[in-house]
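1. I would like to see how this sequence folds:
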Amino acid sequence: MAESQPTKSPSRSFRSFIWDTDTHLKSHEERVLLRKLDWSILTIGCLGFFMKYLDQGNLANAYVSGMQEDLRMFGNEYTYAQTAYTCAYAVMQVPSTLIVQKIRPSIWLACMEVAWGVFTFAQAGTHSSSQLYAFRFFVGFFESSFFPVLLYVLGSWYTKTELAKRVAIFHMTAPLGSAFGGYLQAAVYKSLDGAHGLSGWRWLYIVCGCMTVPVGLATFFFLPDTPYTTKSRFLTAKECELAIERVQKAGKAAPAGVTFATFKRVLSKWRCCMANPAKPAARLKSENYSVVDRNVIPTGSRLIMAFCVILWGFLSDYTGSRFALILIPLILGLIPNGILAVWPASVPLKEAAFLTSSIHLMTAVFYTWANEVCAGDNEERALVISSMNGMQYAVDAWLPIVIFPQTMAPSFRRGFPATFGFIIAAIIAVISIRLLLLREQKRNPEAPETSLEAGVVIEHDKTADSAGEADRATEKN
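-> Numbering: from 1, shown residues only. Just a heads-up that it's a prediction; the model follows:
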């Protein structure tokens, strides 16, 4: 008698379509594990990243809501405050992913998040530009660990058919945090400006600090660290074993420790060069918009970005493509950035360009690609994904002062043409990475599929029968 094939119920077919394409091939135990991981990692990751971008972006909201006048900020002092944050943020990117090889991510991130919440709160007491620079430096220093470490944790648990959409969901909260900051400042300004003798922008920092600290405390209790170091209270011993089995099957290397030999090994590979290839509020103030409008109007591009980022992540996992879904947005990005580089007389055309120039569709997919390309070396993966973000902020620490000085607003005659040129360079870089991967695959045919296009479901097809049998046994019980 022929063995019955795995059945796929309509509800499971629907979940496979909108969520993981191989849901119907997973055992009941694996699906339960994934639900637990999603509820813990994504919840903590999204809340923390939301607060990170809320606290990062509230400087712009405070600046256009009275801080400039109260602190007598002139010339490029606003840019200097941004630079103080960016310098500190860039410095700690790579060290943070090395530290969590020794200290559990839940402990490290909880401490960092509580600390940046305290310094966010402290900005409410700022009385000079120099004090603001110091507080922004410490906010950036403590915030710097969150993104690379959470990205490392996501890549440690999830497989090729699961990762991009979850990175996209995590990444989506960045523009949401920036957008919410505008609405929050508008609400705070209208309801609390002048309360207890404090300006509305000072209340913004108080509210943000009070929101951040509890999320940091929750991180300690709910983040499950990595499959090899987890001490999570909600994962059983069997689920921990299953998690390790999953990542081993996906070709992800176990931690091997960090030594000088690690740096030599990583720096000898081309992947260490896999860097991210890729100022509306001030302009609105120069055009005499109200305080509320200055905070609310720029949120448009951020909300569009949030929707597009998550759409692109789901599409990447569904199609199994990384390279194409990175390249297409870069090419399309030439249009709005070209418009801003020319700076036409048409205001509606410039508004449309501003709304679409910030839609970084490919960012989450690119970080997913990097996570998968380096899956065979745990320490390399940690260093590469942190150096990608660190390099971006290292450049941001000085480049805006040169090409986007506040004194050149709103047209930024150096900044927008330079951005257009950077996009062209990014297109060349992404194509070069693809060619290097193709060459590597030809030299080593045994290399994992992730070296070229991740997101395939072939590895799960081999276990379809056993998964189906497990499901039927569970249903009988």
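2. and the helix or strand harbouring L435, what other elements does it pack with?
-> Assigned by DSSP states H and E, L435 belongs to helix 415-443. Helix 415-443 makes packing contacts with helix 323-342, helix 399-403 when contacts are defined by 3 or more Cβ pairs under 8 Å, 6 or more residues apart in numbering; DSSP states H and E. For the C-beta atoms, the positions are set from N, CA and C on the backbone; glycine is no exception.
3. Out of those, the one nearest F135 is which?
-> The stretch from the helices and strands packed on helix 415-443 with the least distance to F135 (Cβ to Cβ) is helix 399-403; that distance is 19.3 Å.
4. now what about that closest one, what contacts it?
-> Residues lying outside helix 399-403 but in contact with it, judged by Cβ atoms under 8 Å, 6 or more residues apart in numbering, are N76, T79, Y80, Q82, T83, F412, R414, G415, A418.
5. Any buried residues in the strand or helix carrying K264, and which?
-> Secondary structure assignment for K264, by DSSP H and E: helix 260-267. Judged by neighbour count (16 or more other Cβ atoms under 10 Å), helix 260-267 contains these buried residues: T262, R265, V266.
6. Stretch 232-243 now?
-> In terms of neighbour count (16+ other Cβ under 10 Å), stretch 232-243 has its buried residues at S232, L235, E239, C240, L242, A243.
7. Nearest residue to the first one in space, please, no chain neighbours.
-> Looking back up the chat, that one is S232. Leaving aside its sequence neighbours, S232 sits nearest to P224 (Cβ to Cβ, 6 or more residues apart in numbering; 3.9 Å).
8. Equivalent analysis for I244, please.
-> Looking at I244 with Cβ to Cβ, 6+ apart, the closest residue is P227, at 4.9 Å.
9. what does the model give that neighbour for pLDDT?
-> What the model reports as pLDDT for P227 is 95.
10. for F323, same thing?
-> According to the model's per-residue confidence, F323 sits at a pLDDT of 90.
11. same thing with the one 5 residues further on?
-> At I328, the predicted lDDT confidence score is 91.
12. Contact partners for it?
-> When the contact criterion is Cβ under 8 Å, 6+ apart, the partners of I328 are L361, M362.
13. try the one 3 residues further on
-> Neighbour list for I331: I427 [criterion: Cβ under 8 Å, 6+ apart].
14. Quick check on G257: phi, psi?
-> The main-chain torsion angles of G257 are listed as degrees, to the nearest 10 and equal phi 90, psi 150.
15. May I ask which helix or strand encompasses V118?
-> helix 105-122.
16. After that helix, which helix or strand is next?
-> Where DSSP H and E defines the elements, the next helix or strand beyond helix 105-122 is helix 129-143.
17. And the contacts of that next one?
-> Helix 129-143 has contacts (Cβ under 8 Å, 6+ apart) with 52, 55-56, 59, 71-73, 77, 80-82, 84-89, 91-92, 112-113, 115-116, 119-120, 122-123, 126.
18. Drop anything exposed from those residues.
-> Buried, going by 16+ other Cβ under 10 Å: 52, 55-56, 59, 71, 73, 77, 80-82, 84-89, 91-92, 112-113, 115-116, 119-120, 122-123, 126, out of the contacts of helix 129-143.
19. Pull the contacting residues for G181.
-> G181 touches Y53, L54, G57, N58, A60, N61, L204, C208, N295, counting by Cβ under 8 Å, 6+ apart.
20. quick one: which helix or strand includes it?
-> Per DSSP H and E: G181 is located in helix 163-192.
21. Using PDB, list the CA coordinates for the helix or strand that that helix is followed by.
-> The first helix or strand that comes after helix 163-192 along the chain, using DSSP H and E, is helix 200-222. Extracted as PDB, the C-alpha positions of helix 200-222 are listed here (Å, rounded to 0.1, in the frame of the first residue of the first chain):
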ATOM      1  CA  GLY A 200       6.600  71.200  24.900                       C
ATOM      2  CA  TRP A 201       9.900  69.900  23.500                       C
ATOM      3  CA  ARG A 202      11.200  69.200  27.100                       C
ATOM      4  CA  TRP A 203       8.000  67.200  27.700                       C
ATOM      5  CA  LEU A 204       8.700  65.200  24.600                       C
ATOM      6  CA  TYR A 205      12.000  63.900  26.100                       C
ATOM      7  CA  ILE A 206      10.300  63.100  29.400                       C
ATOM      8  CA  VAL A 207       7.600  61.100  27.700                       C
ATOM      9  CA  CYS A 208      10.100  59.200  25.500                       C
ATOM     10  CA  GLY A 209      12.400  58.400  28.400                       C
ATOM     11  CA  CYS A 210       9.400  57.000  30.400                       C
ATOM     12  CA  MET A 211       8.500  54.800  27.400                       C
ATOM     13  CA  THR A 212      12.000  53.500  26.800                       C
ATOM     14  CA  VAL A 213      13.100  52.200  30.200                       C
ATOM     15  CA  PRO A 214      10.200  49.700  30.600                       C
ATOM     16  CA  VAL A 215      10.900  48.200  27.200                       C
ATOM     17  CA  GLY A 216      14.600  47.800  28.200                       C
ATOM     18  CA  LEU A 217      13.600  45.900  31.400                       C
ATOM     19  CA  ALA A 218      11.300  43.600  29.300                       C
ATOM     20  CA  THR A 219      14.200  42.800  27.000                       C
ATOM     21  CA  PHE A 220      16.000  41.000  29.900                       C
ATOM     22  CA  PHE A 221      13.100  38.700  30.600                       C
ATOM     23  CA  PHE A 222      11.800  37.900  27.100                       C
END
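22. elements contacting whichever helix or strand comes after helix 200-222?
-> Toward the C-terminal end, the helix or strand that comes next after helix 200-222 (DSSP H and E) is helix 237-249. Counting by 3+ Cβ pairs under 8 Å, 6+ apart, the packing neighbours recorded for helix 237-249 are helix 28-37, helix 146-157.
23. and the shortest one, what's its mean pLDDT?
-> Mean pLDDT, helix 28-37: 93.
24. and if you look at the last one?
-> Summarised as a single mean, pLDDT over helix 146-157 is 94.
25. Which elements pack onto that helix?
-> helix 43-62, helix 93-99, helix 105-122, helix 163-192, helix 237-249, helix 363-373, helix 378-396.
26. outside of it, which residues touch it?
-> 37, 41, 45, 48-49, 52, 93-94, 96-97, 100, 105, 108-109, 112-113, 163, 166-167, 170, 223-228, 243, 247, 252, 367, 371-372, 375, 381-382, 385-386, 389-390.
27. Narrow those residues to those that are buried.
-> Buried residues within those, counting neighbours by 16+ other Cβ under 10 Å: 37, 41, 45, 48-49, 52, 93-94, 96-97, 100, 105, 108-109, 112-113, 163, 166-167, 170, 223-227, 243, 247, 252, 367, 371-372, 375, 381-382, 385-386, 389-390.
28. how much space between the residue nearest to I244 and V258?
-> Note on P227: its distance to V258, by Cβ to Cβ, to the nearest Å, is 18 Å.
29. measure the residue lying closest to P405 once chain neighbours are set aside to V402 for me?
-> By the measure of Cβ to Cβ, 6+ apart, the closest residue to P405 outside its immediate chain neighbours is N76, 5.5 Å from it. Computed with Cβ to Cβ, the distance linking N76 and V402 is 11 Å.
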